[in-house]
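>>> Curious how this folds, go ahead:
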Amino acid sequence: MLDYALIFGRWGFPELGIVGAGIATVAAGAFSFFLFLAILAGGNTNRSYHTMKGWRFDRDLFVRLLRYGFPSGVQFFLEIAGFTGFVLVVGRLGTASLAATNIAFNINTLAFMPMIGFGIAISVLVGQYLGSDRPGLAQAATYSDFHLTLAYMIAIAAAYVLVPDIFVAPFAHNADPQSFGEIYGYAVILLRFVAVYSLFDAMNIIFCSAIKGAGDTRYVMFVTVLLSVFVLIVPVYLIVEVLELGLMLAWVLATAYVTLLGVIFICGFSAVNGKICASSSRRFPCRCRHRSRGRPSWDGCRNCRRGFGSRNSDPSSLFELRRGKMRPSTSSPR
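Residues are numbered from 1 along each chain as shown. Modelled structure (predicted):
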């Protein structure tokens, strides 16, 4: 609402254009910060969770935060930087190509932003379930989350292909009909690319978040670095600047980039979860003394569905176990 008011000068605000958009963005960020600070310091939250008691610097905790948080931050930065570089290179093809690309990415936020929320949720759940040594439940929650996002993405992708006018028409407001005609034609075609890679983007976001929830943030960072450089940025630059093959082939590479991310992360999650499940079942056999054959299908024994012994494990220790830095305990369950 503040964007609309400051850009176009509505409701008594001055008409500031792009400057107004910047002011509104900064104001929204500042408002969010102070709102969440008030919630953390507020009565019920502070009384229940003691959120204001941990303000002193803790070196060990800070090192752990850097260990798991820094690769995750690098991954997010590189993903944004990769698409920013893609837009900059595509902009060399002309105004119509640049405008159509920006329109397609803006429309893609309708599909992208809800999946970010699902990704944050599954990252938290996977961390909690692995921390309580319930990898089977972490797997079930991840695939349930993926099924929800995939159903949403199928519906959005179908709308992109079948009724693209609904999404593109708002961008034609106050535009010159003659000059917007070429942009419109490009945008409709690019939405088909978005429809294809959005399905794989659901895999990318959900399983990437699940892997980060399991503590393997370095794997996510390395995959993003390699694909951003060698699938997105460098090949797109060669296609546009050196080979001059045009907009559509550049978007083929962008689609391939997102598709590869989704496939690699779902394979990575399957490997992570399988090894953690196997390690957990070796360390903590079922309390009912049933002998579970193979990997547990749920949170514990296949026979009684009871959980394994540990309930206080640290997800980072499970991650270290998976990487071979710890040996599973052969002790009896507690």
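>>> Quick one: end-to-end length of stretch 43-60, please.
Terminal residues of stretch 43-60 are spaced 29 Å apart (Cα to Cα, to the nearest Å).
>>> Buried residues, that stretch. List them.
Under the neighbour-count criterion of 16 or more other Cβ atoms under 10 Å, stretch 43-60 has nothing buried. Glycine gets a C-beta too; all of them are placed from N, C-alpha and C.
>>> Rounded mean pLDDT for that stretch, please.
What stretch 43-60 shows for mean pLDDT is 77.
>>> again with stretch 213-229
Averaged over stretch 213-229, pLDDT sits at 90.
>>> what do you get for stretch 161-168?
Averaging pLDDT along stretch 161-168 yields 91.
>>> who touches stretch 166-183?
Applying Cβ atoms under 8 Å, 6 or more residues apart in numbering, the external contacts of stretch 166-183 come out as 96, 99-100, 103, 106-107, 110, 159-160, 184, 187-188, 191.
>>> which residue ranges form the helices in the stretch 201-334 of the chain?
Secondary structure of the stretch 201-334 of the chain (DSSP state H, counting those that start in this stretch): helices at 217-227, 234-237, 247-283, 315-322.
>>> just the buried members of the contacts of stretch 166-183?
Buried among the contacts of stretch 166-183 by 16+ other Cβ under 10 Å: A96, A99, A100, I103, I107, A159, Y160, Y184, A187, V188, L191.
>>> Just send these back as JSON lines, with secondary structure and distance to A271 too.
JSON lines is the format used below for the buried ones among the contacts of stretch 166-183 (DSSP: H, G, I helix; E, B strand; the rest coil; distance: Cβ to Cβ, whole Å):
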{"residue": "A96", "secondary structure": "helix", "distance to A271": "44"}
{"residue": "A99", "secondary structure": "helix", "distance to A271": "42"}
{"residue": "A100", "secondary structure": "helix", "distance to A271": "39"}
{"residue": "I103", "secondary structure": "helix", "distance to A271": "38"}
{"residue": "I107", "secondary structure": "helix", "distance to A271": "34"}
{"residue": "A159", "secondary structure": "helix", "distance to A271": "34"}
{"residue": "Y160", "secondary structure": "helix", "distance to A271": "32"}
{"residue": "Y184", "secondary structure": "helix", "distance to A271": "44"}
{"residue": "A187", "secondary structure": "helix", "distance to A271": "39"}
{"residue": "V188", "secondary structure": "helix", "distance to A271": "39"}
{"residue": "L191", "secondary structure": "helix", "distance to A271": "34"}
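>>> now for those, which pair is the farthest apart?
The distance between the two most remote of those (Cβ to Cβ) is 23.7 Å, for A96 and A159.
>>> Quick one: distance of the helix or strand that contains Q139 to the chain centre.
With secondary structure defined by DSSP states H and E, Q139 is part of helix 135-162. Distance of helix 135-162 from the chain centroid (Cα atoms, centre = their mean, to the nearest Å) equals 13 Å.
>>> Now do the buried residues in the very next helix or strand once past it.
Using DSSP H and E, the helix or strand that follows helix 135-162 towards the C-terminus is helix 164-168. Under the neighbour-count criterion of 16+ other Cβ under 10 Å, helix 164-168 has P164, F167, V168 buried.
>>> what about the residue most central in space within the chain, distance to A169?
Centroid-nearest residue in the chain: I205, 3.5 Å away (criterion: Cα atoms, centre = their mean). Remark: distance between I205 and A169 (Cβ to Cβ, to the nearest Å) = 28 Å.
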